[in-house]
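J.: I would like the atomic coordinates for the input below:
(one chain, ligands or ions: 1)
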Amino acid sequence: MAYSRVFSDPPSKSIFKTFAVMLLSILASLYFLHCLTERCGTCIPTEKRNTGPVEGFYASKLKDFESLRRKRLLQKWTSTRPLVMRHHSLIRRLEEDLPGIEADGHIFQADVKLSNSLDVDLETGGSYFDTGKLSALGEGSKKLPQAIIIGVKKGGTRALLEFLRVHPDIRAVGAEPHFFDRNYDNGMDWYRDLMPKTLEGQITMEKTPSYFVTREAPARIYAMSRDTKLIVVVRDPVTRAISDYTQTLSKKPDIPTFESLTFKNRTTGLIDTTWSAIQIGIYAKHLDNWLQFFPMSQILFVSGERLISDPAGELGRVQDFLGLKRIITDKHFYFNQTKGFPCLKKAEGSSKPHCLGKTKGRTHPNIDPEVVQRLRDFYRPFNMKFYQMTGRKFGWDD
Ligand SMILES: Nc1ncnc2c1ncn2[C@@H]1O[C@H](COP(=O)(O)OS(=O)(=O)O)[C@@H](OP(=O)(O)O)[C@H]1O
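T.: From the prediction side, this is the model:
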């Protein structure tokens, strides 16, 4: 009797409703949780996830997209571990390789040479070592660079590379490989091996400012790939020379004064063009060498001055040149009054603001104004030629 009652009496409508509502809310919570863990980015209507030719296409595309996104997140994460971790491993390497190098745990920057002939900018050298960490995960593959910042020394090349690294489609080696000048004998495989792993669609980059003035560099880069995109950050050659001298002075405080190094003969006012600080600034001459191999359309000139006064504007030009979406905009920068330079609101993979270290933006010594004027006169015709060649007036002689 009781048995038949159970089956003959249907559950009351209200119990059924409550049960249905509970079930629905559980399902909704589960879906919401799923969305949260997946960041909702890939949550698409469920009807597109299953069976049928069209649905199958969606499902496979979704799978590809999800796996690419995961790879990118993973890559981002591995290259952007908390700065402190990077710094610790860097300090360890530096202590092993470079006893006596100042690493104050805050600012890591000096141009130093490791035993493997790579110039490591201590501020960002961590990126070079990160590359190794990323390799261990086996994501992506190492490719030869498709774009290179070839110069000029003290032009603002580090700032440009650090700003570009914010772009998700750019992967760059932090250290300066010096492959096309000092390390060419090591071979292409050695060079490729220095590069970070990249995924499809990402651009591999490096910067070595001395390439611009290296006679053999254009032919060698051309031999690697005639399609390589070249970027040159140029700066007023007079301030560039003073900046170059300031760097040398910081390492060797006993060198002669800038004024005495500038002249072959101070009385006649003859400039010593064999001094590299002066040589490098004759941009038109060096550019001629590159134009023997690359068309102008493959070389982008970035104004070092505008990189400071309008970083987003210059970065916009660079992203266009590289065929990338303009992701880096003025939202990424703020002007740091103490540093006196634009800085990143968030460095690559970090949530903290990031300025370049203390070796970028050094105080220059006061140079005799007459010597500065003499140098301005010296560079003027070369600058004019350079403006003509590039089709851009950089305003150094205004
Ligand atoms: N955002 C930002 N922060 C700090 N410094 C900046 C920045 N943008 C450009 N600069 C200028 O970059 C100059 C150093 O140039 P490089 O990085 O090309 O130097 S190097 O050749 O790699 O040694 C460096 O030269 P100095 O001022 O003479 O130190 C800076 O003037």
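
J.: from here on, contacts and neighbour counts on C-alpha atoms
T.: OK.

J.: Let me know how buried Ala172 is, in neighbour terms.
T.: 26 (other Cα atoms under 10 Å).

J.: contacting residues for the closest residue to Phe179 other than its chain neighbours?
T.: The shortest distance from Phe179 to any non-neighbouring residue, by Cα to Cα, 6 or more residues apart in numbering, is to Tyr191 (6.6 Å). Tyr191 makes contact with Leu144, Pro177, Phe179, according to Cα atoms under 8 Å, 6 or more residues apart in numbering.

J.: Then Tyr191 would be within a strand, right?
T.: No. Secondary structure of Tyr191 (DSSP: H, G, I helix; E, B strand; the rest coil): helix, not part of a strand.

J.: Poorly predicted segments of the chain, please.
T.: For the chain, the stretches with pLDDT under 70 are 1-16, 18-21, 25-138.

J.: The ligand contacts on that one?
T.: Within the chain, the positions near the ligand by Cα under 6 Å from any ligand atom are 153-159, 209, 243, 307-308, 341-343, 356, 359-362.

J.: What's the PyMOL syntax to select whichever of those are buried?
T.: Remark: buried members of those, expressed as a PyMOL selection using 16 or more other Cα atoms under 10 Å:
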select buried, resi 153+154+155+156+157+158+159+209+243+307+308+341+342+343+356+359+360
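
J.: ok so, going back, closest to the ligand out of the contacts of Tyr191?
T.: Nearest to the ligand among the contacts of Tyr191: Pro177, at 12.1 Å, using Cα to the nearest ligand atom.

J.: just checking, that closest one touches Thr208?
T.: Yes. Checked against Cα atoms under 8 Å, the pair Pro177 and Thr208 is within contact range at 6.6 Å.

J.: got any residues that touch both of the two?
T.: Counting by Cα under 8 Å, 6+ apart, nothing touches both Pro177 and Thr208.

J.: Quick check: the residue of the stretch 251-398 of the chain nearest the ligand.
T.: Gly361 (3.3 Å).

J.: Can you name the residues that contact that residue?
T.: Lys339, Gly340, Phe341.

J.: Next, count neighbours for the second one.
T.: By that I understand Gly340. 11.

J.: Show me where the stretch 201-350 of the chain has its strands.
T.: Ranges of strands in the stretch 201-350 of the chain, per DSSP state E, counting those that start in this stretch, are 203-207, 229-234, 263-265, 270-271, 299-303, 333-336, 341-344.

J.: Dump those to a markdown table, plus distance to Gly323.
T.: Putting the strands of the stretch 201-350 of the chain into a markdown table (distance: least, Cα to Cα, whole Å) gives the following:
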| stretch | distance to Gly323 |
| --- | --- |
| strand 203-207 | 10 |
| strand 229-234 | 11 |
| strand 263-265 | 44 |
| strand 270-271 | 42 |
| strand 299-303 | 12 |
| strand 333-336 | 22 |
| strand 341-344 | 22 |
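
J.: And those: which comes nearest Arg392?
T.: strand 299-303 (8.7 Å; Cα to Cα).

J.: Relative to the closest one, what are the paired strands and their orientations?
T.: Note on strand 299-303: by DSSP bridges, its sheet partners are strand 229-234 (parallel).

J.: send the alpha carbons of the partner strand over as PDB?
T.: Only the C-alpha atoms of strand 229-234 are listed here, as PDB (Å, rounded to 0.1, in the frame of the first residue of the first chain):
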ATOM      1  CA  LYS A 229      63.800  45.200 -40.700                       C
ATOM      2  CA  LEU A 230      66.300  47.700 -39.300                       C
ATOM      3  CA  ILE A 231      65.700  50.300 -36.700                       C
ATOM      4  CA  VAL A 232      68.000  53.200 -35.900                       C
ATOM      5  CA  VAL A 233      67.500  55.500 -33.000                       C
ATOM      6  CA  VAL A 234      69.300  58.700 -33.800                       C
END
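
J.: Which positions within it qualify as buried?
T.: Lys229, Leu230, Ile231, Val232, Val233, Val234.

J.: out of those, which one sits closest to the ligand?
T.: For the buried residues of strand 229-234, the nearest to the ligand is Val233 (7.5 Å; Cα to the nearest ligand atom).

J.: distance of Gly201 from Gly140?
T.: According to Cα to Cα, to the nearest Å, Gly201 stands 11 Å off from Gly140.

J.: again with Val234
T.: Distance from Val234 to Gly140, by Cα to Cα: 33 Å.

J.: again, but for Arg226
T.: Arg226 sits 24 Å away from Gly140, going by Cα to Cα.

J.: got it, and Pro342?
T.: 33 Å.

J.: what's the answer for Phe378, then?
T.: 49 Å.

J.: hang on, the earlier thing: let's see which of the residues of the chain next to the ligand end up in helices.
T.: Thr157, Arg158, Ala159, Ser243, Leu307, Ile308 (DSSP state H).

J.: Tell me the buried residues in stretch 375-394?
T.: Leu375, Arg376, Phe378, Tyr379, Phe382, Asn383, Met384, Phe386, Tyr387, Thr390, Phe394.

J.: I'd assumed the last one was in a helix, is it?
T.: No. Read with three-state DSSP, Phe394 is coil and lies in no helix.

J.: Enumerate every residue touching it.
T.: Ser303, Tyr387.

J.: can you check the fifth one too?
T.: The contact partners of Phe382, by Cα under 8 Å, 6+ apart, come to Ile282, Tyr283, Ala284, Lys285.

J.: okay, these in JSON lines with neighbour count next?
T.: Output for those, formatted as JSON lines (neighbours: other Cα atoms under 10 Å):
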{"residue": "Ile282", "neighbour count": "21"}
{"residue": "Tyr283", "neighbour count": "21"}
{"residue": "Ala284", "neighbour count": "18"}
{"residue": "Lys285", "neighbour count": "15"}
